[in-house]
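[1] sequence below, structure please.
(2 chains)
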2 protein chains.
Amino acid sequence: MKNKLSVVKIGGNVIEDENALDVFLTAFSKLEGLKILVHGGGKLATQLATKLGIESKMIDGRRITDGETVDIITMVYGGLANKKIVAQLQAKNTNAIGLSGADGDSIQAHKRPVKEIDYGFVGDIDGVNAALLSKLLAADLTPIFCALSHDGAGQLLNTNADTIASEIAIGMAPTFETTLYYCFEKKGVLMDIADENSVVKDINTNTYKSLLSDGIIADGMLPKLHNCFHALNHNVAKVCLGDVTMLDKNTELFTTIKL
Amino acid sequence: MKNKLSVVKIGGNVIEDENALDVFLTAFSKLEGLKILVHGGGKLATQLATKLGIESKMIDGRRITDGETVDIITMVYGGLANKKIVAQLQAKNTNAIGLSGADGDSIQAHKRPVKEIDYGFVGDIDGVNAALLSKLLAADLTPIFCALSHDGAGQLLNTNADTIASEIAIGMAPTFETTLYYCFEKKGVLMDIADENSVVKDINTNTYKSLLSDGIIADGMLPKLHNCFHALNHNVAKVCLGDVTMLDKNTELFTTIKL
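    Here you go, the predicted model:
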C-alpha cells in the first residue's frame, strides 16, 4: 500500500484576495495526510509591473517574459506570494516550506525554444526531484511551490502553475497514491457555463471525448483538462476540479476525473 | 568529534553587483564541508521602494518597516535576491535551498516592542530551528537565508542579517563545530581605516577591550563585533571577518576572533 499524497494547485485570483486566501489556507491546512501546494500569482505580477511602468505582454493567456519581467515574477511569485502563504500556513500549524524550482533543484526545465512566438524566460519542465520532495515530506514539511523552474545554468524560468502541479503529481506517482486537485473559482466542469451548479461530477476517458465533441470543454478548460489526462496517463490516481469547498469535503459538487 | 559547519554572511553591497556576486558565489560553492549562507539585500530594497514612490526611512542604519515596506523586503530579499543566489549556486553544483525564517519555521521571532522608536515589522529572534537545519544539511542541501524571520502568527519580520547569521551559528553550535564568517567589503578589522591592508589578524577578549578603548573598533564595526563576541560566548568556535578572498583561502589577510 502506497501512502496517499495530495497535490493542490490554487489559482492567482485567490491569492490577491486576503479573505479568500485565508479561507483557502484554512481548508488546505486541515487537509489530512501528506500534501504539496502549487500557487500562481499572475495578477499581482501584472500590478507590480504596471506600477513600475513595465508593460505586461500576454499571448493566449501566457506571459511573454523578458529579463525585467522574470525579475518581477521572481519577486512576486517567489517572494511576496510564496512567503506570505508560508507564514500564514505556519500560523495554521502546517509546517510549510516555500520552494521555487531552483530550490533543491526541485524542478528542472529548459527555456522554451523560439518558434512562432518568443516567450522569453519561460520554462518547459524536464523533471521533478521526487527524491527531495519525499525527504521533505518525511521530515513533516509541506512544500509550497511558486510558478518558477530553473535551467540548471543559473536562470530562473516562469512556468505555468497548472503544469508544475501536474508534473509534480506525475513525479510523485511512483512513490505515492497521488490525487491532483485543481482549485479554482468554479465548482468544476460545468454542463452549462451559465449555471454554476451544473457540475459534471465524474469524467472518464469516454465521457471526456463526448464533452469535447459537444463543446462542453472549451477555451480555458481545454489546457486544464489536457493537464488532467496527461497526469492520469502517467499514473496519477485521480484529479479533482472545484472550488475551495472541495477541500473541506463539505460538498459533493466538484468534478472527479479518472481514466 | 563534531562535524564542521561554516555559516557565511554576505552583505547587500555584493548582491547588487553581478560580477562581485559571481566571484563570491564561486568562492562559497568551493568552500568545503557543510555550510549555510545568510544574505542581506538592503540597497535593492531601497531601489525598488524608490521606483514605487515609497520613502525608505532609516534610523542608525536600521530600516523602519511599515506594511508596504515589509512587502517590498519580502519581494526583494525573499524573492529576487534569494532565488537568484539559489539558481546561480545550483549552476555551481551547490544544492542550495532558499529559506526565510517562516520556511520550515526556521527562525522564530517577535515584533520588536515599541520604545523610543517604532521600527514597525522588525523581528527580534527568539530561536533557530536547528533540528530542521540539521535535516537539510544531512540531505546534502545548503540553506540560503534571506533576512526575514516570522512571528508564528502569520507575519513576516524584517531582521538584521548579521544577527540572523550569529543566531544560526549559535543554534548550530551544540551539534557542529561552527565557524561564523562575516564577508564584507573590507579585509577585516583595520588598525588604520585609511590603510586597507592594516588588518588586525587575531582578536581575543583582551585585545578586543584594548581595540575598543583605543577607538579602533567604532561606528558600524561596533554592532558587528558585538555579534561576533555574542556568538563566541555561546559556543561558536571562531568568527572570521574579511572580504571574499577569505573564503578562497588565498589570503591570510583577514581577522580571526576567538575568546
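
[2] tell me, how many residues neighbour the closest residue to chain B within the stretch 151-259 of chain A?
    Here the stretch 151-259 of chain A gets closest to chain B at one residue, A:Gly154, 3.8 Å apart by C-beta to the nearest C-beta. Where C-beta positions appear, they are placed from N, C-alpha and C, glycine not excepted. Neighbour count for A:Gly154, taken as other C-beta atoms under 10 Å in any protein chain shown: 17.

[3] what's it in contact with, if anything?
    Neighbouring residues of A:Gly154 by C-beta atoms under 8 Å, 6 or more residues apart in numbering or on different chains: B:Ala87, B:Gln88, B:Gln90, B:Ala91.

[4] what do you get for A:Asp66?
    Contact analysis of A:Asp66 by C-beta under 8 Å, 6+ apart lists A:Gly120, A:Phe121.

[5] from chain B, how far out is it?
    Look at A:Asp66 and chain B: by C-beta to the nearest C-beta, to the nearest Å, they are 15 Å apart.

[6] from the contacts of A:Gly154, which are also near chain A?
    Here is what survives when the contacts of A:Gly154 are matched to chain A using C-beta under 8 Å from any C-beta of the partner chain: B:Ala87, B:Gln88, B:Gln90, B:Ala91.

[7] I'd like the residues you listed as CSV, with secondary structure and distance to B:Leu148 appended.
    Formatted as CSV, these follow (DSSP: H, G, I helix; E, B strand; the rest coil; distance: C-beta to C-beta, whole Å):
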residue, secondary structure, distance to B:Leu148
B:Ala87, helix, 19
B:Gln88, helix, 20
B:Gln90, helix, 21
B:Ala91, helix, 24
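
[8] and which of these is nearest B:Asp195?
    Here the nearest of the ones next to chain A among the contacts of A:Gly154 to B:Asp195, counting by C-beta to C-beta, is B:Gln88; it sits at 33.5 Å.

[9] check which helix or strand covers the nearest residue to that closest one once chain neighbours are set aside.
    Closest residue to B:Gln88 apart from its sequence neighbours, by C-beta to C-beta, 6 or more residues apart in numbering or on different chains: A:Gly154 at 4.5 Å. For A:Gly154, there is no host helix or strand (DSSP states H and E).

[10] same check, this time on A:His234
    Using DSSP H and E, A:His234 sits in no helix or strand.

[11] the spatially closest residue to it that is not a sequence neighbour - how many residues pack around it?
    Spatial nearest neighbour of A:His234, chain neighbours left out: A:Ile170 (4.2 Å); criterion: C-beta to C-beta, 6+ apart. A:Ile170 has 23 neighbouring residues, counting by other C-beta under 10 Å.

[12] most neighbours out of the ones next to chain A among the contacts of A:Gly154, which is it?
    Neighbours here mean other C-beta under 10 Å. Within the ones next to chain A among the contacts of A:Gly154, the largest count is held by B:Ala87, at 27 neighbours.

[13] touching, that residue and A:Gly104? I think so.
    No. Using C-beta atoms under 8 Å as the test, B:Ala87 is too far from A:Gly104 to be in contact (11.7 Å).

[14] so what's the closest residue to A:Asn93 other than its chain neighbours scoring on pLDDT?
    Nearest residue to A:Asn93 in three dimensions, chain neighbours excluded: A:Ser29, at 6.6 Å (C-beta to C-beta, 6+ apart). pLDDT for A:Ser29: 97.

[15] ok but A:Ser29 is inside a helix, no?
    Yes. Counting by DSSP: H, G, I helix; E, B strand; the rest coil, A:Ser29 is part of a helix.

[16] contacts only, for it.
    Counting by C-beta under 8 Å, 6+ apart, A:Ser29 touches A:Leu89, A:Lys92, A:Asn93, A:Thr94.

[17] about what we covered before: now the residue of the stretch 151-259 of chain A closest to chain B. Its backbone dihedrals?
    Main-chain torsions, A:Gly154, degrees, to the nearest 10: phi 100, psi 0.

[18] ok, it to B:Ser210 distance?
    Using C-beta to C-beta, to the nearest Å, A:Gly154 is found at 46 Å from B:Ser210.

[19] likewise for A:Leu180?
    Distance of A:Leu180 to B:Ser210, given as C-beta to C-beta: 65 Å.

[20] neighbour count: those two, which is higher?
    Neighbour count, other C-beta under 10 Å: between A:Leu180 and B:Ser210, A:Leu180 has more, with 30 against 11.

[21] contact partners for the more buried one?
    A:Val7, A:Lys9, A:Ala165, A:Ser166, A:Ala169, A:Cys228, A:Ala231, A:Val236, A:Lys238, A:Val239, A:Cys240.

[22] can you name the residue of the stretch 1-150 of chain A nearest chain B?
    Counting by C-beta to the nearest C-beta, the stretch 1-150 of chain A gets nearest chain B through A:Gly79, at 2.2 Å.

[23] re the thing from before, CSV please, covering the contacts of A:Leu180 and showing neighbour count and distance to A:Lys35.
    As requested, the contacts of A:Leu180 are exported to CSV (neighbours: other C-beta atoms under 10 Å in any protein chain shown; distance: C-beta to C-beta, whole Å):
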residue, neighbour count, distance to A:Lys35
A:Val7, 31, 7
A:Lys9, 27, 12
A:Ala165, 28, 12
A:Ser166, 28, 16
A:Ala169, 32, 12
A:Cys228, 27, 18
A:Ala231, 26, 16
A:Val236, 28, 14
A:Lys238, 16, 15
A:Val239, 27, 15
A:Cys240, 19, 13
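
[24] B:Met1: which of these is nearest?
    Ranked by distance to B:Met1 (C-beta to C-beta), the contacts of A:Leu180 are led by A:Val7 at 42.1 Å.

[25] given whatever helix or strand that closest one lives in, what are its sheet partners and their directions?
    For A:Val7, the host element (DSSP H and E) is strand A:4-10. The strands that strand A:4-10 pairs with in its sheet are strand A:34-39 (parallel), strand A:177-183 (parallel) (by DSSP bridges).

[26] which residues sit against the shortest one?
    The set of residues that contact strand A:34-39 without belonging to it, under C-beta under 8 Å, 6+ apart, is A:3-10, A:12, A:15, A:28, A:77, A:81-82, A:85, A:96, A:133, A:137, A:142-147, A:161, A:164-165, A:168, A:172, A:176.

[27] distance check, A:Val114 against A:Val122.
    Counting by C-beta to C-beta, the gap from A:Val114 to A:Val122 is 10 Å.

[28] what about those two, which has more around it?
    Per other C-beta under 10 Å, whichever of A:Val114 and A:Val122 has more neighbours is A:Val122, with 21 against 9.

[29] the more buried one touches A:Ala109, doesn't it?
    No. A:Val122 is not in contact with A:Ala109 according to C-beta under 8 Å; the separation is 9.0 Å.

[30] overlap in contacts of these two?
    Jointly contacting A:Val122 and A:Ala109 under the rule C-beta under 8 Å, 6+ apart are A:Leu157, A:Thr159.

[31] hmm, back to that, give me the contact list for the strand holding A:Val7.
    A:24, A:28, A:31, A:33-40, A:137, A:161-162, A:164-165, A:168-169, A:172, A:175-183, A:247.

[32] buried sites along that strand?
    Across strand A:4-10, burial judged by 16 or more other C-beta atoms under 10 Å in any protein chain shown covers A:Leu5, A:Ser6, A:Val7, A:Val8, A:Lys9, A:Ile10.

[33] how many residues are close by the nearest residue to the first one once chain neighbours are set aside?
    Counting by C-beta to C-beta, 6+ apart, A:Phe176 is the residue found nearest to A:Leu5 once chain neighbours are left out, at 3.6 Å. Other residues within reach of A:Phe176 by the criterion other C-beta under 10 Å amount to 24.

[34] likewise the one 5 residues further on?
    Taking other C-beta under 10 Å as the neighbour definition, A:Tyr181 ends up with a count of 25.
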